[in-house]
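Enquirer: Predicted model and sequence follow; I will ask about them next.
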Amino acid sequence: MKATPVKATPVKATPVKATPVKIVVDSARCTGHGRCHAIAAAVYQLDEDGFSTADGQTVGPEQREDAQRGANACPEAAISLEE
Ligand code: SF4
């Protein structure tokens, strides 16, 4: 029996935005887990008590993905990114 060829479906890559992004950290929600720093240390710095100091920081397109990954890792949903 001859195998039926499988038709490949092209996958479109998600374009990476080439614009800076501003990090907003809600200090009322940040409880100092440090997950953002653990995931993306180059983007998220912590103060001496372990709270994020990234509020108001702007990162370039090259760090956009790391900024998003750090935001996604926050268990308090304290981080948002603004265009
Ligand atoms: S992961 Fe969230 S709660 Fe933890 S330090 Fe970062 S912003 Fe704060």
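Expert: Everything's here; your move.
Enquirer: Secondary structure of residue 81: a strand, I assume?
Expert: Yes - checked against DSSP: H, G, I helix; E, B strand; the rest coil, residue 81 lies within a strand.
Enquirer: ok, so what distance separates it from the ligand?
Expert: Separation of residue 81 from the ligand (C-beta to the nearest ligand atom, to the nearest Å): 12 Å. C-beta here means a position set from N, CA and C on the backbone, and glycine is covered the same way.
Enquirer: Next: residue 29.
Expert: Residue 29 is 7 Å from the ligand, by C-beta to the nearest ligand atom.
Enquirer: Chain neighbours aside, what residue packs nearest to that residue?
Expert: Leaving aside its sequence neighbours, residue 29 sits nearest to residue 78 (C-beta to C-beta, 6 or more residues apart in numbering; 3.8 Å).
Enquirer: wait, what's in contact with that neighbour?
Expert: Taking C-beta atoms under 8 Å, 6 or more residues apart in numbering, we find residue 78 in contact with 25-27, 29-31, 52.
Enquirer: Any of the residues you listed buried? List them.
Expert: Among the contacts of residue 78, those buried by neighbour count (16 or more other C-beta atoms under 10 Å) are 25, 30, 52.
Enquirer: Select from the residues you listed every entry located in strands.
Expert: Among the buried ones among the contacts of residue 78, DSSP state E puts residue 25 in strands.
Enquirer: As a markdown table, the buried ones among the contacts of residue 78 with pLDDT would be great.
Expert: Listed next are these as a markdown table, based on pLDDT from 0 to 100:
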| residue | pLDDT |
| --- | --- |
| 25 | 98 |
| 30 | 98 |
| 52 | 97 |
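Enquirer: contacts for the longest helix seen in the chain?
Expert: In the chain, taking DSSP state H as the definition, the longest helix is helix 64-73. The contact list for helix 64-73 (C-beta under 8 Å, 6+ apart) reads 16-17, 21, 23, 35-40, 42-44, 59, 79-81.
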